[in-house]
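In: What follows is a protein structure lacking sequence information:
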């Protein structure tokens with residue numbers, strides 16, 4: 001559930017965003033698209049109609065001008081015109097005769113523009129000399145400028161003797177259509193040509209009226225398309241809007257919404273049905289993830305649910321760091337405590353520690369009673385798995401201190417926890433059968449981590465050299481101790497972790513423990529498991545709440561388990577005190593950490609080291625930890 005909550009916090013909160021602006025809504029965009037499409041369509045049709053009208057106008061006017069030019073050129077005597085080409089003079093008889101003929105044609109056809117004959121055409125300069133003209137302002141022999149649109153008709157006409165007309169063209173004086181007809185001499189050569197021009201601006205004004213009509217029609221069509229498009233688009237986008245709202249709720253983690261109604265059989269209806277199926281699948285997946293996550297870590301659940309081969313039996317070899325922890329004193333508490341209270345204490349402890357492991361990227365492989373078996377580097381790979389495991393161990397001890405403070409406030413006993421770390425190769429993957437599968441970690445690394453944890457005392461973190469080397473300068477450790485562990489031929493160096501630098505920097509707080517110098521008689525025995533192997537005698541020199549330093553008649557190796565009895569200052573004998581040898585003091589005294597003390601003896605020790613009133617006779621049920 002923690003992983004799910006974190007995922008939901010990372011999802012964009014779509015439903016909290018402001019409403020879309022009008023111009024970004026799909027219905028508006030569709031309506032505008034319909035309107036633009038209609039406007040463009042009508043405009044294209046109008047432009048095509050206009051161009052057709054313009055071409056028909058050009059053809060009609062051009063054909064009339066061409067006929068005028070052909071008729072007028074029949075009135076031109078080639079020999080007289082050739083004479084005028086050589087010596088153009090207005091007073092010449094030939095000039096007056098030709099001009100009168102052209103003027104007659106102009107008058108008969110009601111032509112408002114002059115008719116002229118031209119020669120000496122210069123295509124580069126686009127000019128020719130006037131020979132005969134009906135315009136009083138023009139003089140024979142003068143150069144007459146020609147528009148570029150006349151270049152092709154004149155050149156072709158002079159070559160093949162065929163009359164031609166132009167398309168409408170613009171000049172400084174307006175918009176014109178011209179026609180030219182070659183003047184052919186007796187030898188069949190075209191040395192001059194007749195030109196007729198006509199201004200068509202009045203006709204184009206009518207085309208401009210057509211342009212306005214086209215624009216008005218396009219605008220009206222676009223407006224109608226916009227209105228109809230809005231109505232149609234709203235009908236189309238209503239289920240899409242419902243889908244958008246539903247998707248926003250799903251993105252926000254709300255899977256409780258009812259199924260959306262499917263109102264059509266088109267693509268939108270199919271999409272709505274598919275969304276309903278997806279939400280139902282998410283509900284089932286969420287239920288499975290929540291139920292599954294109660295039995296395995298969130299990482300394992302995610303890997304199994306999201307990977308196609310997540311449930312396939314088999315494994316792979318991978319370097320990981322194993323963390324083993326055990327709660328001291330819980331077994332005796334469970335034997336004599338109220339069942340509900342016993343489970344409440346255990347659940348509080350496991351819940352607090354599980355949060356710490358998961359927060360550092362670890363995977364809880366198993367709860368073994370009050371023991372925790374966690375791995376780092378599988379199934380989710382982390383290059384810094386050793387650093388994560390060390391940081392987890394330190395954070396667990398700090399969380400244990402906070403939990404003990406809460407337990408004392410609730411009238412519960414205090415507990416201690418030992419943690420062992422080891423880094424090495426192990427086989428990780430799914431084991432079991434098709435009916436029942438478990439994600440497991442198998443290998444010597446797991447066994448060694450368990451044995452390292454067995455060497456710890458309450459509040460202590462021990463790790464192997466392999467883990468110590470992976471941490472490098474980040475780890476703050478005590479001098480190593482060497483222990484002979486079951487199944488290993490050579491002694492193993494164990495390093496007590498006290499602090500960590502780098503990304504997960506933290507350290508254990510120094511124990512604030514009162515110390516009392518005493519001289520108390522001590523007897524006891526050495527034991528392994530349930531077997532007593534030798535007797536001890538000596539004297540207690542210094543006493544703390546959970547430890548003592550004593551001179552013994554025979555030296556003991558580090559990590560030796562002992563069972564002791566002490567004679568208190570008032571002459572009374574203590575109950576059995578279980579402990580583990582953790583080292584030597586500067587004066588050579590053996591330091592023993594007390595792993596199990598009954599409540600009465602714990603009260604006597606507390607009174608001695610704090611100077612409080614002495615309690616009654618020692619005895620009763622132990623609430624301390626089991627001997628290790």
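Out: Great, that's in hand. Here the structure is a predicted model, which is why all the values come from computation and not from measurement.
In: tell me what the helix or strand containing residue 602 is packed against?
Out: For residue 602, the element it lies in under DSSP states H and E is helix 599-610. Applying 3 or more C-beta pairs under 8 Å, 6 or more residues apart in numbering; DSSP states H and E, one finds that helix 599-610 makes contact with strand 516-528, strand 531-543. Heads up, the C-betas are built off the backbone N, CA and C, glycines and all.
In: Now do the SS call for the closest residue to residue 79 other than its chain neighbours.
Out: Spatial nearest neighbour of residue 79, chain neighbours left out: residue 186 (6.9 Å); criterion: C-beta to C-beta, 6 or more residues apart in numbering. The three-state assignment at residue 186 reads coil, by DSSP: H, G, I helix; E, B strand; the rest coil.
In: Tell me the spacing between residue 186 and residue 586.
Out: Taking C-beta to C-beta, to the nearest Å as the criterion, residue 186 is separated from residue 586 by 145 Å.
In: sorry, back to before: surely the residue nearest to residue 79 touches residue 78?
Out: Yes - assessed by C-beta atoms under 8 Å, residue 186 is found in contact with residue 78 at 6.1 Å.
In: With neighbour numbers in mind, choose between those two.
Out: Taking neighbours as other C-beta atoms under 10 Å, residue 186 and residue 78 compare with residue 78 leading, 17 against 8.
In: Give me the pLDDT for the nearest residue to that one once chain neighbours are set aside.
Out: In space, and not counting its chain neighbours, residue 78 is closest to residue 185: 4.5 Å by C-beta to C-beta, 6+ apart. Listed pLDDT for residue 185 reads 82.
In: what's the burial count for residue 185?
Out: Residue 185, neighbours per other C-beta under 10 Å, totals 14.
In: That one and residue 80 touch, don't they?
Out: No - using C-beta under 8 Å, residue 185 makes no contact with residue 80, being 10.9 Å away.
In: list residues touching both of those two?
Out: Here residue 185 and residue 80 have no joint contacts, going by C-beta atoms under 8 Å, 6 or more residues apart in numbering.
In: helices or strands next to whichever strand or helix holds residue 33 in the packing?
Out: Using DSSP H and E, residue 33 falls within helix 26-74. Counting by 3+ C-beta pairs under 8 Å, 6+ apart, the packing neighbours recorded for helix 26-74 are helix 93-108, strand 164-165, strand 174-184, strand 190-199, helix 201-251.
In: export those to a markdown table and tack on distance to residue 558 and mean neighbour count?
Out: What follows is the helices and strands packed on helix 26-74, written out as a markdown table (distance: least, C-beta to C-beta, whole Å; neighbours: other C-beta atoms under 10 Å):
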| stretch | distance to residue 558 | mean neighbour count |
| --- | --- | --- |
| helix 93-108 | 134 | 16 |
| strand 164-165 | 120 | 22 |
| strand 174-184 | 114 | 22 |
| strand 190-199 | 121 | 22 |
| helix 201-251 | 58 | 15 |
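In: how about residue 101, what does it touch?
Out: Applying C-beta under 8 Å, 6+ apart, the residues contacting residue 101 are 72, 75, 76.
In: what's the distance between it and residue 134?
Out: 10 Å.
In: quick one on the thing from earlier: check the model's average confidence along the helix holding residue 602 for me.
Out: For helix 599-610, the mean pLDDT works out to 86.
In: Now that helix: buried residues?
Out: 599, 600, 601, 602, 603, 604, 605, 608, 609 (16 or more other C-beta atoms under 10 Å).
In: does residue 138 count as helix, strand or coil?
Out: Using three-state DSSP, the three-state assignment for residue 138 comes out as coil.
In: Can you classify the nearest residue to it once chain neighbours are set aside by secondary structure?
Out: Nearest residue to residue 138, sequence neighbours excluded (C-beta to C-beta, 6+ apart): residue 130, at 5.5 Å. Three-state assignment for residue 130 (three-state DSSP): strand.
In: contacting residues around residue 130?
Out: 88, 116, 117, 118, 138, 139, 140, 141, 142, 143, 144.
In: Ramachandran coordinates for the fifth one?
Out: This points to residue 138. Torsion angles at residue 138 (phi, psi; degrees, to the nearest 10) stand at phi -90, psi 140.
In: circling back to that earlier point, in JSON lines, list the helices and strands packed on helix 26-74 along with distance to residue 475.
Out: Converted to JSON lines, the helices and strands packed on helix 26-74 look like this (distance: least, C-beta to C-beta, whole Å):
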{"stretch": "helix 93-108", "distance to residue 475": "115"}
{"stretch": "strand 164-165", "distance to residue 475": "102"}
{"stretch": "strand 174-184", "distance to residue 475": "95"}
{"stretch": "strand 190-199", "distance to residue 475": "102"}
{"stretch": "helix 201-251", "distance to residue 475": "43"}
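In: okay, the residue nearest to residue 558 when sequence neighbours are not counted: pLDDT?
Out: Excluding the flanking residues, the one nearest residue 558 by C-beta to C-beta, 6+ apart is residue 481, at 5.0 Å. Looking at residue 481, its pLDDT stands at 90.
In: Tell me how far residue 481 lies from residue 551.
Out: 20 Å.
In: So the two - more neighbours on which side?
Out: A count of neighbours by other C-beta under 10 Å puts residue 481 above the other of residue 481 and residue 551, at 19 against 15.
In: any idea which strand is longest in this structure?
Out: strand 416-432 (DSSP state E).
In: Just give me the neighbour total for the spatially closest residue to residue 537 that is not a sequence neighbour.
Out: Spatial nearest neighbour of residue 537, excluding adjacent residues (C-beta to C-beta, 6+ apart): residue 553 at 4.8 Å. Neighbourhood size, residue 553 [other C-beta under 10 Å]: 10.
In: Tell me if I'm right that residue 553 and residue 536 touch.
Out: Yes - assessed by C-beta under 8 Å, residue 553 is found in contact with residue 536 at 7.2 Å.
In: Pop out the phi and psi values for residue 268.
Out: Per degrees, to the nearest 10, the backbone of residue 268 is at phi -60, psi -40.
In: ok, now how distant is the closest residue to it other than its chain neighbours from residue 254?
Out: Leaving out its chain neighbours, the residue that sits closest to residue 268 by C-beta to C-beta, 6+ apart is residue 239, at 5.2 Å. Using C-beta to C-beta, residue 239 is found at 19 Å from residue 254.
In: Ok, residue 40 next?
Out: From residue 40 over to residue 254 (counting by C-beta to C-beta), the distance is 44 Å.
In: Then residue 451?
Out: Counting by C-beta to C-beta, the gap from residue 451 to residue 254 is 49 Å.
In: Equivalent analysis for residue 48, please.
Out: 55 Å.
In: Same question for residue 75.
Out: 96 Å.
In: next one: residue 36
Out: Counting by C-beta to C-beta, the separation of residue 36 from residue 254 is 38 Å.
In: show me what contacts residue 450?
Out: 324, 420.
In: Next one: it, what pLDDT does it get?
Out: At residue 450, pLDDT is 93.
In: And for residue 559?
Out: pLDDT recorded at residue 559 is 86.
In: What is the neighbour count of it?
Out: Under the neighbour criterion other C-beta under 10 Å, residue 559 is assigned a count of 21.
In: Let me know whether it touches residue 455 as I believe.
Out: Yes - counting by C-beta under 8 Å, residue 559 touches residue 455, with 5.3 Å between them.
In: how far does stretch 242-258 stretch from start to finish?
Out: Start-to-end span of stretch 242-258 (C-alpha to C-alpha, to the nearest Å) is 12 Å.
In: do the same with stretch 326-346
Out: So stretch 326-346: terminal residues 12 Å apart, C-alpha to C-alpha.
In: Next: stretch 128-138.
Out: Using C-alpha to C-alpha, the end-to-end distance of stretch 128-138 comes to 13 Å.
In: that older thread, the helices and strands packed on helix 599-610 into TSV, with extra columns for mean neighbour count, distance to residue 353 and mean pLDDT?
Out: Putting the helices and strands packed on helix 599-610 into TSV (neighbours: other C-beta atoms under 10 Å; distance: least, C-beta to C-beta, whole Å; pLDDT from 0 to 100) gives the following:
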stretch	mean neighbour count	distance to residue 353	mean pLDDT
strand 516-528	15	29	89
strand 531-543	15	31	87
